[in-house]
Structures are given as C-alpha cells and as structure tokens.
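Visitor: just a sequence and a predicted model for now, questions to come.
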Amino acid sequence: MTSTRAALLAVLTAITALCSLLLFVPRAQAAASLEQVTGFGSNPGALKMYRYTPEGLPAGRPVVVVLHGCTQNAAGYGPASGWTELADRWGFSVVVPEQQSANNASRCFNWFQNGDTSRGQGEAASIVQMVDRQLADTAGDAARVHVTGLSAGGAMTSVMMAAYPEKFRAGGVVAGLPYGCAQAAGSPYVCMNTGATQTPQQWGDRVRAARPGYTGPWPRLTVLHGSADTTVKPVNMTDLVEQWTDVHGADQTADVSDTVGGYPHQVFHGPDGSGVVETYSITGMGHGQPVDPGSADGQCGTAGAYLLDVDLCAAHQMGKAWGLG
C-alpha cells in the first residue's frame, strides 16, 4: 500500500512539473503581444495605434516608432523585426502605427502624397500624436524618441525626420527612400526604380523646406539596404546619404569604411566629428528587413516574408547606434 501511494505521488509530481513547463511563457514570447490604443488625438491620417510597453518599465525611458512595409501590419512587423524583443532586453517602449486598407489598398504608408507627408497633416500628424500619447502614458524621455521602418515604412521614416526633426533623435531607414523623392522624380515608381536626379544640396533643401526656419539639431540616420533589392533600388541609399549628410553639413566621403557581420559598413561624420549618417549594404540581399533569429547578443527578429535571415539584425544595429542597449 505504501509503495503504491509513493508511486502515485511520484507520478503526480512529474505531471505537476510537466504542467509547469507547458504553462511557462518566456519573456521573448510575451513581448509579441501589442496593445491597441484609441483616442490618441484627432488622427487626421486615419491610422491605428498599437504599442508595446515592457512590464514595470520605469519613467524616463526611450520610445521607438516602428513603421511596417506594404502588405504588413503592426502585429506581424513589430515583433518579427525584433523591436519588441529588444524593448524587453534594453528597456524602452515601442509604438507601432498601422496603415488601413481604406487609406491604401496595399496598406502602404502614403509616403508619396503631400497631404500625408507635410507637417501638421495626414499620416505624419497622426504618427506624432501617437508619440505624444505614448510619452504621456509612460512618462517617456521626449529627448530620446526614434523612428524606423521598412520599405514604405522606411520612406515614411524619412518623412517624420524631415517634417518633425525636433521630435526624433535618430531615424533608421530599411530598404526605403529619401524625403521628397517621389516629387523629385515625378513618380513614386520612378523613384523606387531609378532614383531621382538631385544634387546633395537639392536633396538637403527638400528636408529644410519641410520644417522652415528650423536650425537643428537634426536627427541622425542609419540606413540598411540589400544590394540585390529590385523593388527599391540601392541607389536610394546613396540618395539618402547625400540628403542627410548635406542637412548635417557633412561631406559625402565616408570617415569609416569597414565591415560588420561581413557586410560593407560606412559612417559619415559631421563638422563636430560625430557620426551623423551610417550605412549597411547587405550584400546579395533582396527587398526586406535584415534579421538574425536567436537569443545570443546581437541577435533578434523572426524570418518571414520581407524579413530576411542574413545573420545580422537591423534592429539591434540601429538600437546600438542610438544608445538604447
């Protein structure tokens, strides 16, 4: 009888332990859940607001705005890009705006329309209202707000940096385009396929015209682009460098040329000697966001459509450059 009870107790103990393992949810998985926020302002661009705030996040922490590409949504891109994972790891909050098909059938942010890219109007104004709501709700650090995005989200990142430079400390454009490119090229498709013929000063003038009278400081820029991208041609990374080095008063000669993760990497210094533009050319990569799935230092993200495992996580490289880590 005693041996039977002991055996039963051992079985129950094993079952309890197994249930505990099955019910345990790692922190990295919990980070994938975004919260929708309503009532964040007048929302002239008719966007949806989602966010991720790590549990117990103290006041005074940075905010990162993460903008998805065409056909994507907040729930997929925010976690898969690695940003919610890094929010847990490093301690910051994430705002993930979402486009609606009523605004754009392919759910692209309208980076090429004046009504959505001008200061105080449309989608750009909606995104700033989301930032203000997140800063208020989390007592976040208004001096450490950053913005990044993929493809159309990358182009919208350029918009936010140009139209609201006082709001963003830095930006990260992944497979995106410079500000005003559609207008300079005469068409968004020409811009994507061949770029626009502009001098560095002309590119810079487009940014300066977006925020008349503003004298700085301007956001710093990190760009990542696949060398085999046929959707948004790599010439757009060159144009981004010309645009933002001119805005910062820098020349177009890289002060640092090396490799990171085996990929060509350059840094352009401003007049004070600090890095103002940084680029990564991801050799052989097509159109998408570089990710490096895993839990080791430097790894983040999940591979999928337009989320390409190239053993380098764009979110980690940007976050490190911005001092988030």
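Guide: Looks like it came in fine.

Visitor: which stretches of the stretch 51-200 of the chain form helices?
Guide: Here the stretch 51-200 of the chain has its helices, by DSSP state H, counting those that start in this stretch, at 74-80, 83-90, 114-117, 122-138, 152-163, 181-185, 188-194, 200-210.

Visitor: please identify the deepest-packed of the ones you listed.
Guide: Sort the helices of the stretch 51-200 of the chain by mean neighbour count, taking mean count of other Cβ atoms under 10 Å, and helix 152-163 sits at the top with a mean of 29. (Glycine included, C-beta is placed from N, CA and C.)

Visitor: state the mean pLDDT of that helix.
Guide: The average pLDDT within helix 152-163 is 98.

Visitor: wait, what's in contact with the residue nearest the centre of the chain?
Guide: Computing the C-alpha centroid of the chain and ranking residues by Cα atoms, centre = their mean puts T148 first, at 2.5 Å. Listed by Cβ atoms under 8 Å, 6 or more residues apart in numbering, the contact set of T148 reads 64-67, 83, 154, 157, 171-174, 315, 318.

Visitor: narrow the residues you listed to those in strands?
Guide: Judged by DSSP state E, those include 64-67, 171-174 as members of strands.

Visitor: and whatever helix or strand N236 lives in, C-alpha only, in PDB?
Guide: Assigned by DSSP states H and E, N236 belongs to helix 235-247. Taking C-alpha atoms only, helix 235-247 is exported to PDB below (Å, rounded to 0.1, in the frame of the first residue of the first chain):
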ATOM      1  CA  VAL A 235      20.500  54.000 -55.400                       C
ATOM      2  CA  ASN A 236      18.100  55.200 -52.900                       C
ATOM      3  CA  MET A 237      20.600  54.500 -50.100                       C
ATOM      4  CA  THR A 238      23.100  56.700 -51.900                       C
ATOM      5  CA  ASP A 239      20.500  59.400 -52.200                       C
ATOM      6  CA  LEU A 240      19.700  59.200 -48.500                       C
ATOM      7  CA  VAL A 241      23.400  59.600 -47.700                       C
ATOM      8  CA  GLU A 242      23.600  62.700 -49.900                       C
ATOM      9  CA  GLN A 243      20.400  64.200 -48.500                       C
ATOM     10  CA  TRP A 244      21.300  63.800 -44.800                       C
ATOM     11  CA  THR A 245      25.000  64.500 -45.000                       C
ATOM     12  CA  ASP A 246      24.000  67.800 -46.600                       C
ATOM     13  CA  VAL A 247      21.500  68.500 -43.900                       C
END
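
Visitor: going forward, the N-terminal residue is numbered 655.
Guide: Sounds good: first residue 655 from here, last item helix 889-901.
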